[in-house]
Every structure is written in C-alpha cells, then in structure tokens.
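Asks: Fold the stuff below for me.
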Amino acid sequence: MKKRDKSEYNKRYYEANKEKAANYYKVYNKVNKERMSLQRKGYIASKKHEPVVYYLPEHHYVGVTDCLYTRLKNHRNNSKRIVKGYEIIYTAKDMTEARAVERYMHYEMGYNGKKGGTKGY
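Replies: Below is the predicted model of the structure:
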C-alpha cells in the first residue's frame with residue numbers, strides 16, 4: 001500500500017468512525033494525562049543547562065541561550081539557518097554574563113546576531 005493510499009484510507013476510516021475515535025482519545029488522554037505531563041516536563045528539564053554563547057559558522061552568527069537544543073531547532077525551522085558545525089564559545093554562570101560576552105562578540109569583533117555587529121553598546 002502506497003503512502004498516499006494509506007492516508008486516504010485513514011481519512012475515510014476516521015470519517016466513518018469519528019465518534020468512536022473521539023471517545024477513544026478522550027479516555028486515553030484522561031487515563032494518561034499525568035504520565036504525559038511528567039514526560040513532557042522531564043524532557044524539557046533535560047534540555048536546560050547553563051547559559052552558553054554559541055557560534056554558527058555558515059552565517060557568522062553568535063547567539064546566547066540556556067537551552068541549546070531548542071534554540072538550534074528554532075534556527076533550523078524558523079530562520080532556515082544551517083546549524084551544522086555549531087560551536088559553543090563560552091559557558092557562563094548566569095544569563096547576564098553570557099549576554100555580556102555575546103554583546104562583545106557582536107560589537108567589538110563584528111559577528112552577526114540579533115542586534116547586528118556595529119560598534120558601540
């Protein structure tokens with residue numbers, strides 16, 4: 001069965017059994033609500049870390065984040081940036097310190113970023 005045929009079959013099946021499917025998902029979500037919530041919270045917490053300043057070589061871009069996984073995903077999906085080969089330049093104790101390093105990289109060294117790379121603060 002081709003992928004297109006399968007999706008058309010699934011669509012027809014769902015339309016024919018709409019009420020049955022709705023009840024199934026309602027019960028499933030109610031029974032598994034707490035488990036899914038804990039999984040989601042654990043996944044998000046596992047991606048958090050100390051603030052880092054990172055570099056994207058393809059775009060000569062320097063940025064700062066406390067969740068590199070999510071930030072790189074946003075660069076790929078929203079900005080269509082190439083994130084392959086990224087480097088962590090600096091790991092900071094807090095976000096204020098990381099932003100100071102990022103600002104220095106933009107204004108004094110000329111890297112691209114949200115605020116551009118012109119001199120001056």
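
Asks: And the helices in the protein?
Replies: Secondary structure of the chain (DSSP state H): helices at 3-16, 18-47, 68-74, 95-107.

Asks: Could you tell me the angle between the first one and helix 18-47?
Replies: Relative orientation of helix 3-16 versus helix 18-47 (axes from the mean of the first three to the mean of the last three Cα atoms, to 10 degrees): 120 degrees.

Asks: which residues touch the nearest residue in space to residue 89 that is not next to it in sequence?
Replies: Spatial nearest neighbour of residue 89, excluding adjacent residues (Cβ to Cβ, 6 or more residues apart in numbering): residue 53 at 4.7 Å. Where you see a C-beta, it was placed from the backbone N, CA and C, and this is true even at glycine. Neighbour list for residue 53: 62, 63, 64, 88, 89, 90, 92, 98, 101, 102, 105 [criterion: Cβ atoms under 8 Å, 6 or more residues apart in numbering].

Asks: Could I have the buried ones of the residues you listed as PyMOL selection syntax?
Replies: Typed into PyMOL, the next command selects the buried ones out of the contacts of residue 53 (criterion: 16 or more other Cβ atoms under 10 Å):
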select buried, resi 62+63+64+89+90+92+98+101+102+105
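
Asks: out of the contacts of residue 53, who's nearest residue 70?
Replies: Nearest to residue 70, judged by Cβ to Cβ, of the contacts of residue 53 is residue 63 at 12.1 Å.

Asks: wait, that closest one sits on residue 72?
Replies: No - when contacts are counted by Cβ atoms under 8 Å, residue 63 is not listed as touching residue 72 (9.5 Å).

Asks: separation between the residue with the largest distance to the centre of the chain and residue 8?
Replies: The C-alpha centroid of the chain is most remote from residue 16, which lies 36.7 Å away (Cα atoms, centre = their mean). According to Cβ to Cβ, to the nearest Å, residue 16 and residue 8 sit 13 Å apart.

Asks: for residue 70, same thing?
Replies: Going from residue 70 to residue 8 by Cβ to Cβ gives 35 Å.

Asks: rewinding a little: could you save the helices of the chain as JSON lines and add columns showing distance to residue 113 and mean pLDDT?
Replies: JSON lines is the format used below for the helices of the chain (distance: least, Cβ to Cβ, whole Å; pLDDT from 0 to 100):
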{"stretch": "helix 3-16", "distance to residue 113": "41", "mean pLDDT": "82"}
{"stretch": "helix 18-47", "distance to residue 113": "22", "mean pLDDT": "83"}
{"stretch": "helix 68-74", "distance to residue 113": "13", "mean pLDDT": "86"}
{"stretch": "helix 95-107", "distance to residue 113": "5", "mean pLDDT": "89"}
